[in-house]
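1. curious how this folds, go ahead:
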Amino acid sequence: MLLISVIELIDQGKIRLNQVPLSPELISTFLKYWRSLVRTDHRSDISLPFVHLTGDEFWHLTFYPESETATPTGLGRKGVTAVRRIVQYASFDPELSVILQDPGQRVILLRVLIDSWFSGRSNEIEQLSLIDEFELVKTQLLREGGATYNVEDLKNEENIVVRNGAFRKIVVSLYDQRCAFCGLRIISADGQDIVDGAHIKPFSEFRDDRFVNGLALCKNHHWAFDHGWFGVDDDYRIVIPQERFMEEPAVESREMVAFRGEAIRLPEEREFMSSLEGLRWHRERWRME
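-> Alright, predicted model coming up:
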């Protein structure tokens with residue numbers, strides 16, 4: 001089921017390199033097949049095949065540098081969140097990767113997988129493959145303005161990773177993929193961008209994935225915002241406390257303090273503008289008032 005999900009994402013152009021992260025897109029696709037094809041009471045856990053498929057010796061894990069001593073055996077049943085934190089991506093043997101990049105060969109491999117594991121259900125799988133599950137989640141959340149969760153909801157790691165990933169993607173799109181602070185906009189050929197969908201009030205504390213609790217920020221300014229180096233006032237202007245940091249900007253770049261008092265960029269859909277209550281909370285937390 002994991003390999004069927006990967007093949008679907010390759011078909012959609014969402015996986016273009018021989019690198020398969022345990023992404024919200026992959027998890028949502030896996031869940032789509034699990035819910036339709038599995039007829040037992042077992043709970044899904046994509047982290048198990050993602051880790052243990054290494055035993056078949058064509059699937060390899062690349063760990064983040066700080067976790068380079070980790071092993072698939074040691075990951076055990078740590079769960080989706082832990083595996084995402086430790087494993088950067090999985091990859092195929094080069095020969096198999098070449099096969100997967102060829103549409104005709106992919107179809108043959110998919111048929112072999114279906115005949116081996118889901119004999120007689122090829123029509124059902126073909127219909128499922130036409131559904132982009134992650135886009136459906138995004139559409140639902142956008143219609144609802146996002147979501148908030150209770151402690152019980154957080155027990156389903158896979159659903160939370162998918163919905164949190166959708167939150168971040170939507171927030172970035174609402175800001176036209178630009179950093180609200182500096183306006184930076186860089187998008188790669190495969191659709192990845194340098195801007196994050198940041199939470200104003202931390203998800204770990206408030207479990208708030210409403211879009212009014214979001215800001216699109218580049219990597220640098222996301223980190224700075226999370227550490228209280230700047231805030232946003234009730235007029236959506238940048239607040240930078242005095243003497244909180246020192247900086248030496250690169251040639252022809254602006255110092256961060258030079259943005260003090262400037263208006264942040266706002267989403268075109270004003271109903272999703274950042275909550276003033278959340279922005280006040282952030283300023284108070286970091287003693288900017």
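2. going forward, measure contacts and count neighbours with C-alpha atoms only.
-> Will do.
3. quick one: contacts for Thr73?
-> Thr73 is in contact with His52, counting by CA atoms under 8 Å, 6 or more residues apart in numbering.
4. next: the one 4 residues further on.
-> Contacts were defined as CA under 8 Å, 6+ apart; by that measure Arg77 touches Ser47, Leu48.
5. ok, the closest residue to Trp281 other than its chain neighbours - how many residues close by?
-> Leaving aside its chain neighbours, Trp281 sits nearest to Lys201 (7.5 Å; criterion: CA to CA, 6 or more residues apart in numbering). Neighbour count for Lys201, taken as other CA atoms under 10 Å: 21.
6. same check on Glu144?
-> 11.
7. repeat that for the one 5 residues further on.
-> Residues contacting Tyr149 under the criterion other CA under 10 Å number 13.
8. mind listing what's buried in the helix or strand encompassing Glu135?
-> Taking DSSP states H and E as the criterion, Glu135 maps to helix 133-144. The neighbour-count check on helix 133-144 (16 or more other CA atoms under 10 Å) flags Glu133, Phe134, Val137, Lys138, Leu141, Leu142 as buried.
9. which non-adjacent residue is nearest the fifth one?
-> Read it as Leu141. Using CA to CA, 6+ apart, the closest residue to Leu141 is Ala147 (6.9 Å).
10. can you tell me how far that neighbour sits from Gln140?
-> Going from Ala147 to Gln140 by CA to CA, to the nearest Å gives 10 Å.
11. with Leu217 instead?
-> 24 Å.
12. can you check His227 too?
-> 32 Å.
13. same question, Tyr149
-> Taking CA to CA, one finds Tyr149 at 15 Å from Gln140.
14. let me see the contact set for the residue most central in space within the chain.
-> Centroid-nearest residue in the chain, with CA atoms, centre = their mean: Gly165, separated by 3.7 Å. By CA under 8 Å, 6+ apart, the residues touching Gly165 are Pro24.
15. that older thread, list the buried residues of the helix or strand that the helix holding Glu135 is followed by.
-> Sequence order places helix 157-174 as the next helix or strand after helix 133-144, per DSSP H and E. Using 16+ other CA under 10 Å as the test for burial, helix 157-174 gives 158-172, 174.
16. now do stretch 102-121
-> Arg106, Leu109, Leu110, Ile114, Phe118.
17. rebuild those residues as CSV, extending it with distance to Ser36, pLDDT and secondary structure.
-> Putting the buried residues of stretch 102-121 into CSV (distance: CA to CA, whole Å; pLDDT from 0 to 100; DSSP: H, G, I helix; E, B strand; the rest coil) gives the following:
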residue, distance to Ser36, pLDDT, secondary structure
Arg106, 22, 95, helix
Leu109, 21, 95, helix
Leu110, 17, 95, helix
Ile114, 14, 95, helix
Phe118, 12, 93, coil
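18. Serialize those to CSV and add fields for distance to Lys14.
-> Shown next, in CSV, are those (distance: CA to CA, whole Å):
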residue, distance to Lys14
Arg106, 15
Leu109, 19
Leu110, 17
Ile114, 22
Phe118, 24
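19. can you give me the domain boundaries for the protein?
-> 2-131, 137-285 (automatic domain parsing).
20. so what pLDDT did Asp115 get?
-> With respect to pLDDT, Asp115 scores 94.
21. Asn159 now?
-> Asn159 carries a pLDDT value of 92.
22. ok, now which ones touch it?
-> Ser28.
23. how close does it sit to Asp208?
-> For Asn159, the distance to Asp208 - CA to CA - is 15 Å.
24. swap in Phe92?
-> The spacing between Phe92 and Asp208, counted by CA to CA, is 37 Å.
25. between those two, who's got more neighbours?
-> Comparing Phe92 with Asp208 by other CA under 10 Å, the one with more neighbours is Asp208, at 22 against 18.
26. touching, that one and Tyr149? I think so.
-> Yes: with contact defined as CA atoms under 8 Å, Asp208 reaches Tyr149; the gap is 6.7 Å.
27. most tightly surrounded among the domains of the chain?
-> domain 137-285 (a mean of 17; mean count of other CA atoms under 10 Å).
28. mind checking pLDDT for Arg287?
-> 89.
29. quick one: least confident helix or strand in this structure?
-> helix 72-75 (a mean of 73; mean pLDDT, DSSP states H and E).
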